[in-house]
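In: build the 3D model from these lines:
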Amino acid sequence: MSTDLERAGTDRIGTPLTWLYAPGDRPDVVAKALVSGADVVLVDLEDAVPPARKEYARAATAELLAAPVPGPVAVHVRINALDGPLFAADLAALAGLPGLGGLRLPKVAGPGDVAAVLAAYRRAAGPDAAAPGLYALLESALGVENAFAIATADPAVRGLALGEADLRADLGITDEEGLAWPRVRAVVAARAAGLAPPAQSVYPDVRDLDGLGASCRRGRALGFLGRAAIHPRQLPVIARAYLPSPREVDAARETVEAAAATPGALALPDGRFVDPAVVAGARRILALASRAEAYR
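Out: Purely as a prediction, here's the structure:
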C-alpha cells in the first residue's frame, strides 16, 4: 500500500491539509499561489477558465510544469471535463512533464472514466509511462454511487473528493443536510480503498471566515482531512480547524503512553477506555500535531 507521502504527491508533509485553486490562464495568480503556504496548488483548466482562454491556460500550465516546481509545494492540474473535447488535448500537453504532481479529474462517474484518462495519458506519454496520481471528483449521483469502484479502479487513483456545487445541482439539494450522506459515502469509500481521507470541497464565500471554520470543524467530525480553497486567506482557517487542539494532543499523548505502559485494553483515570483502535486514533492525532509548525 502506498504511503501518505506518495499519495499526497508532495514531500513537504504527509497528506495535505490545504489545497489552493488558481486559474490556469492567470500565471500571475498561480505564481502567488505557489508561495501562499498551501500544501498543494490546484491549477484549474476547467471551471475557472473561460472558453476563449482554454488554449492559453493549457499552454501556460505546460510551460510552468516543464521543469520541476521549486520549493515544497506540489502542483496538481484539474483538467477539463472527461466527456468533452478538451481533456485529451490537456493530457497531451501535460503528459510526462516533470513538474506535474497530480491530475484532478472532474465529473468522474465510474471506473471507465479513470481508464479513459489513463489511456489518453499513455497515448501521449508512451505506453510504459507512469501516470501521476489521479484525484477523482465526484460531482453527480452516479459518481457518488460508484465511489468505491472509482477509488479502486487503478493504483494511480490516490484520492477522492466531492464537487459539491455540481452535486447540489444534480441532486436538487437546497441545504447542507442533503449533503451529509454523499460526504460520508466519500469518506467511507476512500477508507475502504486504502486511500487518504478526502479533503472537503471549497467554501465559496471567501469573506466568511467564521463560517468556513465552522464548516471545517463539521467536516473533520465526518472524517475529512483538509480542504480545497479558492483564496489564500482561507488557508490558515482550514489548517487551524484540522490541526488538533492542545487538549486533544494532551489526551492523545496520555493514551499512547498508557498503552505503552500497559499493553492490551485498559481504562484511564478519567474513565476513557483504551483499546488498539483508540490508540491508533491517538497516534494519528499526534502525527497531525507534529505538522503544526509547517502552517505557522
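In: domain-wise, how is this protein divided?
Out: 18-242, 246-295 (the TED database).
In: in TSV: the ones you listed, plus mean neighbour count and mean pLDDT.
Out: Where C-beta positions appear, they are placed from N, C-alpha and C, glycine not excepted. Formatted as TSV, the domains of the chain follow (neighbours: other Cβ atoms under 10 Å; pLDDT from 0 to 100):
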stretch	mean neighbour count	mean pLDDT
domain 18-242	19	96
domain 246-295	14	73
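In: for P27, what are its contacts?
Out: Going by Cβ atoms under 8 Å, 6 or more residues apart in numbering, P27 touches 60, 64.
In: typed the wrong thing, it's P204
Out: P204 is in contact with 165, 230, counting by Cβ under 8 Å, 6+ apart.
In: skipping its backbone neighbours, what lies nearest the most centrally placed residue in the chain in space?
Out: With distances taken as Cα atoms, centre = their mean, A199 lies nearest the centre of the chain, 4.4 Å away. Spatial nearest neighbour of A199, chain neighbours left out: G226 (4.2 Å); criterion: Cβ to Cβ, 6 or more residues apart in numbering.
In: which non-adjacent residue is nearest H231?
Out: According to Cβ to Cβ, 6+ apart, the nearest residue to H231 is V206 (4.1 Å).
In: could you find the closest non-adjacent residue to A161?
Out: Closest to A161 by Cβ to Cβ, 6+ apart is P198, at 5.1 Å.
In: again, but for G211
Out: Closest to G211 by Cβ to Cβ, 6+ apart is D205, at 6.4 Å.
In: for the stretch 151-296 of the chain, what spans make up the strands?
Out: In the stretch 151-296 of the chain, the strands defined using DSSP state E, counting those that start in this stretch lie at 157-162, 227-229, 266-267, 273-274.
In: what separates the second one from the chain centre, distance-wise?
Out: Same thing as strand 227-229. 8 Å (Cα atoms, centre = their mean, to the nearest Å).
In: ok, residues contacting that strand?
Out: Applying Cβ under 8 Å, 6+ apart, the set of residues contacting strand 227-229 is 17-21, 38, 42, 161, 199-203, 216, 219, 234-235, 238, 241-242.
In: ok, back up a step: save the strands of the stretch 151-296 of the chain as CSV, and put in distance to K107 too.
Out: CSV is the format used below for the strands of the stretch 151-296 of the chain (distance: least, Cβ to Cβ, whole Å):
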stretch, distance to K107
strand 157-162, 12
strand 227-229, 16
strand 266-267, 49
strand 273-274, 44
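In: and the ones you listed: which comes nearest P182?
Out: Smallest distance to P182 across the strands of the stretch 151-296 of the chain (Cβ to Cβ): 6.2 Å, for strand 157-162.
In: which helices and strands sit right next to that closest one?
Out: With contacts defined as 3 or more Cβ pairs under 8 Å, 6 or more residues apart in numbering; DSSP states H and E, strand 157-162 has these neighbours: helix 4-8, strand 133-138, helix 147-151, helix 180-192.
In: just the angle for it relative to strand 133-138, thanks.
Out: Here strand 157-162 runs at 20 degrees with respect to strand 133-138, directions being taken by axes from the mean of the first three to the mean of the last three Cα atoms, to 10 degrees.
In: for the stretch 1-150 of the chain, what spans make up the helices?
Out: For the stretch 1-150 of the chain, the helices defined by DSSP state H, counting those that start in this stretch occupy 4-8, 27-34, 54-64, 87-94, 111-125, 141-145, 147-151.
In: the ones you listed: which one's closest to E177?
Out: helix 141-145 (15.7 Å).
In: to R284, which of the strands of the stretch 151-296 of the chain lies closest?
Out: Among the strands of the stretch 151-296 of the chain, the nearest to R284 by Cβ to Cβ is strand 273-274 (14.6 Å).
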